[in-house]
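**Student:** Please work out how this folds:
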Amino acid sequence: MQRILSIYDWQLLKPETAFVVKSDLEHQRTVRLRVNAPETTAIYLQQVDKTDGTVLDVFLARVEGQDEIQFDVFGDYKIFTSGTELWFDTLDGTRPDVEPVDATSFTNIVERQARNPELEIMELRMRQNAEAREALLLAAFKEEMALMRGSIEADRANTAGASGSVQSQTPPASSGDGQSGGEAGTSSGDAGGGESNA
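**Tutor:** Here you go, the predicted structure:
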């Protein structure tokens, strides 16, 4: 179930427009927005630095259907989309102004700066060295595990062999008792016979 609540709290943000929130607060504050998008929509935030006029465009989220967005921000800001309509509710009851926005302003959000070639070569070598170390450690670990398995198997074989040898060298107890009894009986009979003849 999707809870729309009061339909009068929602505002429509049309393509190529932005809603503007102005604030005199100097500290960072948390902003929560409920949004409802008929189709997949990318949402952006734009700020202008008051000191040098630098424009900062930030991608916030990609939404479809009803969702909630929360972010922290300083000062004034604008919210606009990637060219699709969006319904929004500020949750705190404010109704921000809506104004046109340049539809191409978010196409170059982050421009990759040129990097020092020597730094890139250094990072590549560091990455290669790290991969080589990992490969050596893995090979050493596998070798150690193989030696441990071989040692365990050898100990088991020696234990089994020693146990079989002890069992084969021990004479059966019943066999020895029978022979002793027979010899004792023979000796006894011989002695009795000699007395009788006398």
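**Student:** ok, for residue 87, nearest residue in space, not its chain neighbours?
**Tutor:** Closest residue in space to residue 87, ignoring its immediate chain neighbours: residue 36 at 4.3 Å, by CB to CB, 6 or more residues apart in numbering. No exception for glycine: its C-beta is placed from N, CA and C like everyone else's.
**Student:** Now do the contacts for the one you found.
**Tutor:** Residue 36 sits next to 4, 10, 65, 66, 67, 86, 87, 88 when contact means CB atoms under 8 Å, 6 or more residues apart in numbering.
**Student:** tell me the secondary structure for the first one?
**Tutor:** What DSSP: H, G, I helix; E, B strand; the rest coil gives for residue 4 is coil.
**Student:** tell me, how many neighbours does it end up with?
**Tutor:** As a burial measure, residue 4 scores 12 neighbours (other CB atoms under 10 Å).
**Student:** Any figure for the gap between it and residue 138?
**Tutor:** 56 Å (CB to CB, to the nearest Å).
**Student:** Next: residue 13.
**Tutor:** 53 Å.
**Student:** Settle it for me: which of those two has more neighbours?
**Tutor:** More crowded of residue 13 and residue 138, by other CB under 10 Å: residue 13, with 22 against 10.
**Student:** Which helix or which strand is home to the residue nearest to residue 89 when sequence neighbours are not counted?
**Tutor:** The spatially closest residue to residue 89, leaving aside those adjacent along the chain, is residue 34, at 4.2 Å (CB to CB, 6+ apart). Under DSSP states H and E, the secondary-structure element containing residue 34 is strand 29-48.
**Student:** That strand: which residues count as buried?
**Tutor:** 31, 33-37, 41-47 (16 or more other CB atoms under 10 Å).
**Student:** Beyond it, next helix or strand please.
**Tutor:** Note on strand 29-48: by DSSP H and E, the next helix or strand toward the C-terminus is strand 55-73.
**Student:** any idea of the mean pLDDT for the helix or strand just after that following strand?
**Tutor:** Once the chain leaves strand 55-73, the next helix or strand it forms, by DSSP H and E, is strand 77-81. Taken as a whole, strand 77-81 has an average pLDDT of 92.
**Student:** Domain-wise, how is the chain divided?
**Tutor:** Using automatic domain parsing, the domains assigned to the chain come out as 7-100, 112-147.
**Student:** about what we covered before: make a ChimeraX selection of the buried ones in the contacts of residue 36.
**Tutor:** Of these, the buried ones go into a single ChimeraX selection, burial set by 16+ other CB under 10 Å:
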select :86,87,88
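**Student:** Good, we can wrap up now.
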